[in-house]
Structure formats: structure tokens, C-alpha cells
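J.: based on what follows, work out the 3D shape:
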Amino acid sequence: MKPATVAWLAKLRAQAAEPGIIYVTVRGPRGSIPVFPEDITNKSDEQLLAFLCERLSATPTRGQDVRAE
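T.: Residues are numbered from 1 along each chain as shown. As a prediction, the model looks like this:
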């Protein structure tokens, strides 16, 4: 894992640890997602990165119909 990724995950963990935080917004190329503190703190760096990539890739692009067919 690259140093920039490790630093970004550390910053994300610090945000999640702030008192009173309900969720942290993570932005990706296809949009943004809310991530709850327990989803951040209970995972290793590798697990957290995989979790975020999966969630972000499942985020529909703007204007895309998300209803089940």
C-alpha cells in the first residue's frame, strides 16, 4: 500500500474517532458515500480499503436509475 493511501486511511480513522461523529463522507470518482465509524475502526487498512472500494463502485453515477428491474 502506498504511503499516501496509508496517510489517507489514518486521516479517515481520525475523523471517525472524533466525539459525536455520526458518519464520515468518502468521495470517489462516481460520487460520495457515508461511512459509519464502526465500519472504519473495526477493519484493518487492507479490509477498510477493500470495503470502501466496493461501496464506491456500487454507488450509481448521477442520473443513473437505481431501482431494481
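J.: stretch 51-58: which residues count as buried?
T.: Neighbour-count burial for stretch 51-58, counted by 16 or more other CB atoms under 10 Å, picks out 52, 56. (C-beta placed from N, C-alpha, C; glycine too.)
J.: who touches that stretch?
T.: 26, 28-31, 33, 35, 39, 43 (CB atoms under 8 Å, 6 or more residues apart in numbering).
J.: low-confidence ranges, the protein, go.
T.: For the chain, residues meeting the criterion pLDDT under 70 lie at 59-69.
J.: can you do 90?
T.: Scanning the chain for pLDDT under 90 picks out 1, 27-32, 41-42, 56-69.
J.: which residues of it fall in helices?
T.: In the chain, the segments counted as helices under DSSP state H are 3-16, 37-41, 45-57.
J.: what's the shortest one packed up against?
T.: Spelled out, that is helix 37-41. Packing contacts for helix 37-41, counted by 3 or more CB pairs under 8 Å, 6 or more residues apart in numbering; DSSP states H and E, involve helix 3-16.
J.: partners of Val35 in the sheet?
T.: Under the criterion DSSP bridges, Val35 forms beta bridges with Val24.
J.: ok, it - how many residues close by?
T.: Using other CB atoms under 10 Å, Val35 has 20 other residues around it.
J.: ok, it - contacts?
T.: Applying CB under 8 Å, 6+ apart, the residues contacting Val35 are 12, 16, 23-26, 52, 55.
J.: same check, this time on Ile40
T.: Residues near Ile40 by CB under 8 Å, 6+ apart: 12-13, 16, 24, 48.
J.: most widely separated two among those residues?
T.: Val24 and Leu48 (11.4 Å; CB to CB).
J.: which of the contacts of Val35 are buried, as a ChimeraX select command?
T.: The buried subset of those, as determined by 16+ other CB under 10 Å, is captured in ChimeraX by this line:
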select :12,16,24,26,52
